[in-house]
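Enquirer: here's my sequence, what's the structure:
(one chain, ligands or ions: 2)
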Amino acid sequence: MRIGITGVPGAGKSTIIEALGNMLCDAGHRVAILTVDPTSSVTRGSILGDKTRMGTLSRRPEAFIRPSPAGGTLGGVARKSRETMLMCEAAGYDIILIETVGVGQSETTVRSMVDFFMLVVLTGAGDELQGIKKGIMELADAIVINKADGDNLVKAQVARGEYERMIEYIRPATPGWPTHAYLCSAVKHTGLQELWQVIQVFQRMTAESGVFRKRRDGQLLDWMNSMIDEHLHNLFFEDPVITGRMPEVRDAVLAGTISPTQAVAELIGMFDVRRAAARQVDLFHPAAEKR
Ligand SMILES: Nc1nc2c(ncn2[C@@H]2O[C@H](COP(=O)(O)OP(=O)(O)OP(=O)(O)O)[C@@H](O)[C@H]2O)c(=O)[nH]1
Ligand SMILES: [Mg+2]
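Expert: Numbers count the residues shown, from 1 in each chain. Ligands and ions are numbered 1, 2, ... in the order given. You can find the predicted model right below:
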């Protein structure tokens, strides 16, 4: 089972993963934790923070925690994370948990890698709403209101009702699966067992309806297509014939002497994919990444 976890910074994603991961290891699973963070090439140290936050989990032999690869682009990070995911599964990890940073595009990317996607939120749905785009709620199979403990419990229950009402207006992320809001406390370890049961019901239902297989098949083909896109893009923009001609063509477009459409036709006309491919032996490590 591949599970994606997103949410605003500080919502408690890592703490949930730590608690859920320990629980699953106790139940006999082997759990791999990956992070998809396209900004981590800048901050690099962030996983050290996460390893300390996942203190008990990181010491367990049944668990494997891997930082986000410093791929530079989201595409690069996603590709490496997908490969890592397959390797972990081949190595016997039966549950993959992927944490994403709740900004920009990484939610869509992680959604495209997982079976079940959860959005972790905090209380005060009204205020939170401003930070959570409707589009992200549309990706979620479950909305998890964390920190439902202490003085916050009542507020969390109110928030749950608010989220439930909002969900009614949103298209479900998975055909045939009703998205709901759930309460949990990653610190007090409440609601997590229930959440895991929800995930198991999801797995059973989608397996029976064929949605599970269909989604995985679609993800595989999308992955292949995106690698073709990426590879062709790299071949084109690193081909010396293209890079040599590019400045003049750009100037001509800016001067208005040729249209962008004409420019593309000319450049594509000059592009010899075999010549470019012969130059580039290492398919997915173009010069820019090597640097
Ligand atoms: N009271 C309470 N605090 C919590 C709970 N879960 C997490 N926290 C606290 O909230 C803070 C942020 O938790 P993290 O797990 O690091 O949150 P995150 O979503 O992974 O944050 P980023 O990775 O920085 O986006 C920490 O200080 C946690 O101890 C909870 O269930 N209850
Ligand atoms: Mg975190």
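Enquirer: near ligand 2, which residues of the stretch 151-291 of the chain?
Expert: Contact residues (C-beta under 5 Å from the ion) of the stretch 151-291 of the chain with ligand 2: there are none. Every C-beta, even on glycine, is put in place using the N, C-alpha and C of the backbone.
Enquirer: now the strands for the stretch 101-250 of the chain?
Expert: Taking DSSP state E, counting those that start in this stretch, the strands of the stretch 101-250 of the chain run over residues 116-121, 142-145, 180-183.
Enquirer: and the residue nearest the centre of the chain?
Expert: residue 110 (1.8 Å; C-alpha atoms, centre = their mean).
Enquirer: relative to ligand 2, how far out is that one?
Expert: Residue 110 sits 13 Å away from ligand 2, going by C-beta to the ion, to the nearest Å.
Enquirer: who are the contact partners of the single nearest residue of the stretch 101-250 of the chain relative to ligand 2?
Expert: For the stretch 101-250 of the chain and ligand 2, the shortest gap (C-beta to the ion) falls at residue 101, measuring 8.0 Å. Contact analysis of residue 101 by C-beta atoms under 8 Å, 6 or more residues apart in numbering lists 9, 36, 37, 38, 39.
Enquirer: so where's this protein uncertain?
Expert: 39-53, 68-72, 102-104, 124-133, 281-291 (pLDDT under 70).
Enquirer: which parts of it belong to which domain?
Expert: Listed by automatic domain parsing, the domain ranges of the chain are 2-209, 216-290.
Enquirer: tell me the most buried of those?
Expert: Mean neighbour counts were taken over these using mean count of other C-beta atoms under 10 Å, and the top value, a mean of 18, falls to domain 2-209.
Enquirer: gap between that domain and the chain center?
Expert: Its chain's C-alpha centre and that of domain 2-209 lie 9 Å apart, by C-alpha atoms, centre = their mean, to the nearest Å.
Enquirer: end-to-end on it?
Expert: Domain 2-209 has an end-to-end distance of 18 Å (C-alpha to C-alpha, to the nearest Å).
Enquirer: again, but for stretch 256-275
Expert: Terminal residues of stretch 256-275 lie 31 Å apart, using C-alpha to C-alpha.
Enquirer: name the residues that touch it?
Expert: 232, 235, 236, 239, 241, 242, 245, 246, 249, 250, 252, 253.
Enquirer: from the chain, which residue is nearest to ligand 2?
Expert: For the chain, C-beta to the ion, closest residue to ligand 2: residue 14, 3.3 Å.
Enquirer: isn't that residue right next to residue 54, touching?
Expert: Yes. The pair residue 14 / residue 54 is scored as a contact, 6.2 Å apart, by C-beta atoms under 8 Å.
Enquirer: give me the phi and psi for the most far-flung residue of the chain relative to its centre.
Expert: Centroid-distance maximum for the chain: residue 257 at 43.0 Å, with C-alpha atoms, centre = their mean. Phi and psi for residue 257, reported as degrees, to the nearest 10, are phi -80, psi -30.
Enquirer: next: residue 173.
Expert: Residue torsions, per degrees, to the nearest 10, at residue 173 are phi -70, psi -30.
Enquirer: contact partners for it?
Expert: Going by C-beta under 8 Å, 6+ apart, the list of residues near residue 173 reads 111, 117, 138, 139, 140, 141, 179.
Enquirer: how far away is it from residue 107?
Expert: For residue 173, the distance to residue 107 equals 11 Å [C-beta to C-beta, to the nearest Å].
Enquirer: where do the contact lists of these two overlap?
Expert: The contact sets of residue 173 and residue 107 overlap at residue 139 (C-beta under 8 Å, 6+ apart).
Enquirer: what inclination does the helix or strand encompassing the residue of the chain closest to ligand 2 have with respect to strand 116-121?
Expert: According to DSSP states H and E, residue 14 maps onto helix 13-26. Counting by axes from the mean of the first three to the mean of the last three C-alpha atoms, to 10 degrees, helix 13-26 lies at 130 degrees to strand 116-121.
Enquirer: close to ligand 1, is helix 13-26?
Expert: Yes. Shown here: helix 13-26 in contact with ligand 1 (C-beta under 6 Å from any ligand atom) through 13, 14, 15.
Enquirer: what does that helix contact?
Expert: Residues from elsewhere that reach helix 13-26 (C-beta under 8 Å, 6+ apart): 5-7, 31, 33, 50, 53-57, 60, 62-63, 95, 97, 99, 120, 144, 146, 184, 186-187, 189, 192-193, 195-196.
Enquirer: next secondary structure after that helix?
Expert: Taking DSSP H and E, what comes next after helix 13-26 is strand 31-36.
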